[in-house]
Structure formats: C-alpha cells, structure tokens
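[1] okay, here's the prediction I keep looking at, along with the sequence it came from:
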2 protein chains.
Amino acid sequence: MNLLLLSNSSSDAGYLVHALPDIRELIDTLPPGSPAVFVPFAGVTRGWDDYTALVASALADTGLSIEGLHCAEDPVVALENAAVIIVGGGNTFNLLGQLRRQGLLDVVKRRVRAGAAYLGWSAGSNLTCPTICTTNDMPITDPGGFDALDLITFQINPHYTNAHPPGHRGETRAQRLAEFCALNPAMPVLGLPEGSGLRVRGQQLELIGPYDAPLFLGHEEPRVFRPGPLKIPA
Amino acid sequence: MNLLLLSNSSSDAGYLVHALPDIRELIDTLPPGSPAVFVPFAGVTRGWDDYTALVASALADTGLSIEGLHCAEDPVVALENAAVIIVGGGNTFNLLGQLRRQGLLDVVKRRVRAGAAYLGWSAGSNLTCPTICTTNDMPITDPGGFDALDLITFQINPHYTNAHPPGHRGETRAQRLAEFCALNPAMPVLGLPEGSGLRVRGQQLELIGPYDAPLFLGHEEPRVFRPGPLKIPA
C-alpha cells in the first residue's frame, strides 16, 4: 500500500502547501496527467464543487488530473480508474456515511489494497483506520456503523493537541483518548500533531513533519515517537 | 416535566457546588430521604462506584437517598421507584450505548415524562435531547443509534465555548455546530456555556447562571439569550 495521511490541510503557508513535497513523493512513479479522484464528502458547510476546485488548484503543480467523485458519471468506474484517491477533511461522520450509503467504501478499500495511492488529511486520515472512533468531529449524522476502511492496523487522532482553552471544564484530548483506550485496550492510537503526517509504504511506516507524536495504548503512559521510521506495537 | 440540565459539574468552588441552589429548587417539593437513582454510565476512566460516591457526597446536604443504577438489584424497579433521576457527565456515547443495551432508555424517558425529577450535566444533558448529535465527546463506542431521550424539542451543546487553542487548525465549536445546522436546518441548538444550565418546568424554559447563551438555527446568525425565561423558536 502507498498512503500519505496528513493531520491537517491548511497552514500559514497556504492550503496543502506544507505537504507538497510529501505529496510529490507519494506519486513520483506516476506519469503526468494520471487520473486522481477527490472525495469531497467530508465537506458539509463547504460545497463539494468548491472543495474539489480548491484541492485541484492546490495540487495543480503535481500534474494529476483530478475529478470530484460527486461529479463522476459512474463513481465505481471513476474509483476503478483512479491512480490516486484523495480524501479531504471536514466531518468524518458525513464522509463515512456518504461512502457507506453510496456503496463506495469497499471499492475504495479494494482499490487502495490493489495499489492505488491514497492521500488523506484529517477526516480522510481517520477514514483509513479500523474505525472512526478517534475522530475529533461532532457526530452530526449517523454513519450507519463506525467501521471504516481498515487500511492500517491502528487508530489516528488528527489535529492532536492537549492544549485547552483557559477555564474550560470539558475533557482534554488526552482524557478523551484515555477513554477510548479504556474501552479498547489493545488498539494503539497515534496522535498526529498539526503539520505532521504518516507515510505508509507497504508495511513500512514513517512519521513525517517536524514534530514528535504520542502513541496511546491501554493504560500505558503515552510513548513519544520522533519523526522517522515508526514501529507500532502489535 | 421537571428538569435541570447543567453544562458542567465541576468549578473552582468544587463538584456541583455552583449548581446546589438550583438542585435544591428542582427537588423542593420532595420529602427528605426521597429515593434518587444516579446513572454513572457516562463514566469510562472513572469507575461507577467511585463516581456514585462522588455525586452522593456532593449532594449529601440535599437529603436525597442516592443509589447507583449499576448497583440496583433490578434497574427497572429502581428507576420506577426513583423520585429523582440523576445522569452524570463523561462520555455520551458510552452513556447512551449502556442505557440502550440494558433496555433502560425508554424506562428513563417514561419516568421523567410521568413526573420524576431529572438532573443531568454534560453528557446527562445531551441525553435529554432528540439525539446526541451535538455532543462534544469522542465516539469511542457505537451507541447503536444516535436517538436519545427526546425530552426536549431541541439540542443542547454543553461546555459551549468558541475559544480555540492558538495555532489549532481543527474546527471551532461554532464551525462544528454550523455543520450540524447545515444537515439539520430545522433543529435549534442551544450552546450552554460552563456555569450555565437550563431549567425546564412543564413547558416553561429558563436559562440559569450568569452567562448569555447562543442559539443556533439553520443558516441564521446565532441568537443570543440573556439568563431568564427562554423561548426556543418552534
């Protein structure tokens, strides 16, 4: 498999700019003009046409030919033909619910397992996990089950931070993840800070970006990984 | 109906201390020693025995006789006999899933509709809404459907704040609620700030505490309510 899973899309540098070198590396074996499908279903307040245009513009220099999945005459055929599947962020529940209801979840999974490159950020990174149980998003719609693409063997928590607005009495991120780990003691969760990403090449994992990332597992103290090759406990 | 729905439990003053005058008013017609059931199922990292002891201690001066629902020989009988049902915060998905799987959701609903007083905070306030779709909690377990007690006709977002850790690229709370409103344009959402609560007496609503609270509805600008009587648009 060939995945690039980003924590976030935007930074002070612009939309996806911080990730462009890694995106180029993800697709470096593909010929110019290779077909890519963009899945905009995590967009809720952002229209799918606008979202697709934003992403196509941000990735214009990559040479990919990007089509919005919602525009495809036959979405299954579009996914079958895609050399790259790009899944944007937004609301993870809406993303998963749309893919499930449209019968496209298994098509994406099969295509990526067969070698299509996968680029995701935020909700698009959550989607590759066994479940969406470690999303930060509000459950604005029932996705008909929390099972997701199950392309990686562990969970990701994107936009990882343990910062907390002053005076706030709600749970911190670490507390929320501790709750997940209490109910799912054998499932690791990688907290991906803003600006970080996970690169998956076959069975090899690499933490990319400048920041350390904590791994939560059961009741253990979080283990902190430096950028570079990453080995997740089985 | 007779409900007191709090945004949060703890403050600098101590556990539930800020809400004690309102809790006393909620139960002021009940004789001393009235039976109360505490529902600890939102607790995940907090054990249910410890959680029940914490709440019983915080409410000791109210004179209620408080039993943890998880300790009841017959939970249905315990709920049938309870003059007050108390539902604590924690994880809303765990709370709803436990009540649903144990077949207790409809019992709670029927009892409160029949006149049992209801005290809830955070997840316990979310539970009274039509759905749990406006919780802030992480979806650490699938509750088997998002439908909840449906005791009030609108949604609550507890711990409401639009503050945001600096540099964070995830959604703000207002953005998350705008996503809910985009998918559910006819459903109002009341943002309850820390220290605020909602008092329901029959059909009458009152915003309690010192703070203003925003109401989100569809694409309209949020309408801000002052503490006092509250009228939610139909």
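    That came through, no problem.

[2] quick one: the helix or strand of chain A with the lowest mean pLDDT near chain B?
    None of the helices or strands of chain A scores lower by mean pLDDT, DSSP states H and E than strand A:10-11, at a mean of 84. Yes: in this structure, strand A:10-11 sits against chain B according to Cβ under 8 Å from any Cβ of the partner chain; the contacting residues are A:10, A:11. No exception for glycine: its C-beta is placed from N, CA and C like everyone else's.

[3] direction included, what does that strand pair against?
    The partner list of strand A:10-11 in its sheet, established with DSSP bridges, is strand A:14-15 (antiparallel).

[4] what sits up against the partner strand?
    A:9, A:54, A:55, A:57, A:58 (Cβ atoms under 8 Å, 6 or more residues apart in numbering or on different chains).

[5] one more: stretch A:193-204?
    Contacts made with stretch A:193-204 from outside it, assessed by Cβ under 8 Å, 6+ apart, are listed as A:1-8, A:11, A:18-19, A:22, A:25-26, A:125, A:151-152, A:156, A:159-161, A:190, A:192, A:205-213, A:227, A:229-230, B:167-169.

[6] in strands, which of the residues you listed appear?
    Counting by DSSP state E, the members of the contacts of stretch A:193-204 that fall within strands are A:2-6, A:11, A:156, A:159-160, A:190, A:192, A:205-208, A:213, A:229-230.

[7] so where is chain A shaky, pLDDT-wise?
    Low-confidence segments of chain A, defined by pLDDT under 70, span residues A:165-170.

[8] which among the ones in strands among the contacts of stretch A:193-204 count as buried?
    The neighbour-count test (16 or more other Cβ atoms under 10 Å in any protein chain shown) marks A:2-6, A:156, A:159-160, A:190, A:192, A:205, A:207-208, A:213, A:230 as buried among the ones in strands among the contacts of stretch A:193-204.

[9] filter the residues you listed by proximity to chain B?
    With the criterion set as Cβ under 8 Å from any Cβ, the members of those near chain B are residue A:159.

[10] out of the buried ones among the ones in strands among the contacts of stretch A:193-204, which comes closest to chain B?
    Among these, residue A:159 lies closest to chain B (Cβ to the nearest Cβ), at 3.9 Å.

[11] does that closest one touch residue A:136 like I think?
    Yes: between residue A:159 and residue A:136 there is a contact at 5.9 Å, judged by Cβ atoms under 8 Å.

[12] tally of neighbours for residue A:228?
    One way to gauge burial is a neighbour count; for residue A:228, by other Cβ atoms under 10 Å in any protein chain shown, it gives 9.

[13] quick one: it and chain B, what's the gap?
    If you measure residue A:228 against chain B using Cβ to the nearest Cβ, to the nearest Å, the figure is 23 Å.

[14] hang on, isn't that residue packed against residue A:206?
    Yes: proximity of residue A:228 to residue A:206 meets the contact threshold set by Cβ under 8 Å, at 6.5 Å.

[15] ok, residues contacting the helix or strand containing residue A:97?
    Secondary structure here is read from DSSP states H and E; on that basis residue A:97 sits in helix A:92-101. Contacts to helix A:92-101, defined as Cβ under 8 Å, 6+ apart, come from residues A:39, A:41-44, A:87, A:105, A:108, A:122-124, A:126-127, A:132, A:135, A:137-146, A:148, B:139, B:179, B:183.

[16] what ranges does chain A have for its helices?
    Using DSSP state H, the helices of chain A run over residues A:20-26, A:48-58, A:75-81, A:92-101, A:105-113, A:123-126, A:173-183.

[17] of those helices, flag the one that's most buried.
    Of all the helices of chain A, helix A:123-126 carries the top mean neighbour count, a mean of 28, counting by mean count of other Cβ atoms under 10 Å in any protein chain shown.

[18] let's see it as PDB, backbone CA atoms only.
    Taking C-alpha atoms only, helix A:123-126 is exported to PDB below (Å, rounded to 0.1, in the frame of the first residue of the first chain):
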ATOM      1  CA  ALA A 123     -11.200  13.100   8.300                       C
ATOM      2  CA  GLY A 124      -9.500  11.500   5.300                       C
ATOM      3  CA  SER A 125      -6.800  10.100   7.600                       C
ATOM      4  CA  ASN A 126      -9.400   8.900  10.100                       C
END
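
[19] mind listing what's buried in stretch A:147-155?
    Taking 16+ other Cβ under 10 Å as the basis for neighbour counts, the residues of stretch A:147-155 that come out buried are A:147, A:148, A:149, A:151, A:152, A:154, A:155.

[20] residues touching that stretch, excluding its own?
    Contact partners of stretch A:147-155, identified using Cβ under 8 Å, 6+ apart, comprise A:1, A:3, A:5, A:96, A:105, A:108-109, A:112-113, A:118, A:126-134, A:180, A:187-190, A:198, A:200, A:232, A:234.

[21] what does stretch A:52-60 give?
    For stretch A:52-60, contacts defined as Cβ under 8 Å, 6+ apart pick out A:14-17, A:23, A:36, A:38, A:40, A:66-68, A:70-71, A:86, A:88.

[22] what about residue A:211, how many neighbours?
    Residue neighbour count, defined by other Cβ under 10 Å, stands at 16 for residue A:211.

[23] quick check: closest non-adjacent residue to it.
    Nearest residue to residue A:211, sequence neighbours excluded (Cβ to Cβ, 6 or more residues apart in numbering or on different chains): residue A:193, at 4.4 Å.

[24] could you do residue A:5 as well?
    If the residues on either side of it in the chain are set aside, residue A:5 comes closest to residue A:125, at 3.9 Å by Cβ to Cβ, 6+ apart.

[25] quick one, what contacts that neighbour?
    Residues A:5, A:6, A:7, A:89, A:156, A:158, A:192, A:198 are the ones in contact with residue A:125 under the rule Cβ under 8 Å, 6+ apart.

[26] and the residues you listed as TSV, adding distance to residue A:77?
    Shown next, in TSV, are these (distance: Cβ to Cβ, whole Å):
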residue	distance to residue A:77
A:5	26
A:6	27
A:7	32
A:89	25
A:156	30
A:158	30
A:192	33
A:198	29
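
[27] for these, work out which two are farthest apart.
    Spanning the widest gap among these are A:89 and A:198, at 14.6 Å by Cβ to Cβ.

[28] measure the most centrally placed residue in chain A to residue B:104 for me?
    Taking Cα atoms, centre = their mean as the criterion, residue A:125 is the residue nearest the geometric centre of chain A, at 1.2 Å. Taking Cβ to Cβ, to the nearest Å as the criterion, residue A:125 is separated from residue B:104 by 36 Å.

[29] quick one: the helix holding residue A:97 to strand A:155-160, angle?
    Relative orientation of helix A:92-101 with respect to strand A:155-160: 140 degrees, computed using axes from the mean of the first three to the mean of the last three Cα atoms, to 10 degrees.
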